[in-house]
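Asker: mind folding the following:
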Amino acid sequence: MGFFSFFNKEKKETLDQGLSKTKESVFSKITRAVAGKSKVDDEVLDNLEEVLITSDVGVETTLRIIKRIEARVSRDKFVNTTELNIILKEEIAGLLAENNSDLPIDFESELPHTPYVIMVVGVNGVGKTTTIGKLAHQYTKAGKKVYLGAADTFRAAAVEQLVIWGERVGVPVIKQKMGSDPASVAYDTLASAKANNADVVIIDTAGRLHNKVNLMNELTKIKNVMQKIVPDAPHEVLLVLDGSTGQNAFEQAKQFTLATDVNALAITKLDGTAKGGVVIGISDQFKIPVKYIGLGEGMEHLQVFDRKEFVESLFS
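Answerer: This next block holds a predicted model:
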């Protein structure tokens, strides 16, 4: 077995294990939905609708999936219940495929900009700083030179945590004293990164949603200041969401997409929850590609999201 086939096998095992709680929950519900039925009829579709909604896929996305399956059943005339999983996989993968991204698709990809600037947003407690640390590790492992900016200056713990991750991964962290202007930290980070020929810059930001206007103003200010150093920064605005919060993640996505131009999503903590369906719903409703999924505590447990592998793992 070659190195890459071993790596892919390991990645698949991590994905399967990480989604196991969601998979068990979805499968048991689907089994009940088709019990005693030989073909997919209106009753099965009604039951399936309930399965998807209670699996945190979301009402709007569920209705779109059901509509697609209804069209398949109508076209094929007779669809037996044993085919339902195959159809579900195909239609959900098709739905996710509509949210294409022009962002780099993995850590080894050639970066379209140097330095490639990522601004990370999200409320406190979703795994934002941990995600940044894991991203730094993955990019460093791929041979990229990474700088981190601790622009969440309102929480001492956030700065300390980022510094710890920087030491663990072996990348520099630019910081200022507690309560400093976040935009000033972002400016210093980009100036230092550019002077030292960094490939990737990741900026942590404060995760407060209590006042959307303040949040919007703060993120806009950070963007404007960064553009004095790198004119088209940030290239990626990554929203981190906690998958275990289910529908609450939808609300956070709504608030942050109103506050700033989010163009990528990272959904964390999928390994400890049966709410993995939230990945499908958020990707569909906000038309923003899910770029990363978090499947555990280890540095390697942040994976680039592959919609086909995800759906295959969930419904096989």
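
Asker: how near is residue 144 to residue 206?
Answerer: Residue 144 sits 26 Å away from residue 206, taking C-beta to C-beta, to the nearest Å as the criterion. (C-beta placed from N, C-alpha, C; glycine too.)

Asker: swap in residue 296?
Answerer: 26 Å.

Asker: give me the secondary structure label for residue 207.
Answerer: Judged by DSSP: H, G, I helix; E, B strand; the rest coil, the three-state class of residue 207 is coil.

Asker: how close does it sit to residue 239?
Answerer: Distance of residue 207 to residue 239, given as C-beta to C-beta: 10 Å.

Asker: also residue 91?
Answerer: Taken as C-beta to C-beta, the span from residue 91 to residue 239 is 26 Å.

Asker: between those two, who's got more neighbours?
Answerer: Neighbour totals were compared for residue 91 and residue 239, and residue 239 leads with 29 against 19 (other C-beta atoms under 10 Å).

Asker: and the residue nearest to residue 216 when sequence neighbours are not counted, what is it in contact with?
Answerer: Once flanking residues are discounted, residue 216 sits nearest to residue 259: 4.4 Å by C-beta to C-beta, 6 or more residues apart in numbering. Shown here is residue 259, whose contacts under the criterion C-beta atoms under 8 Å, 6 or more residues apart in numbering are 121, 212, 215-216, 219.

Asker: same thing with residue 37?
Answerer: 43-44, 81.

Asker: list buried residues within the residues you listed.
Answerer: For the contacts of residue 37, a neighbour count by 16 or more other C-beta atoms under 10 Å gives the buried set as 44, 81.

Asker: would you say residue 265 is within a helix?
Answerer: No: under three-state DSSP, residue 265 sits outside any helix and is assigned strand.

Asker: and it, what does it touch?
Answerer: 238-241, 253, 282-283, 286, 288-292.

Asker: where along the stretch 1-150 of the chain do the strands fall?
Answerer: If DSSP state E, counting those that start in this stretch is used as the criterion, the strands of the stretch 1-150 of the chain fall at 116-121, 146-150.
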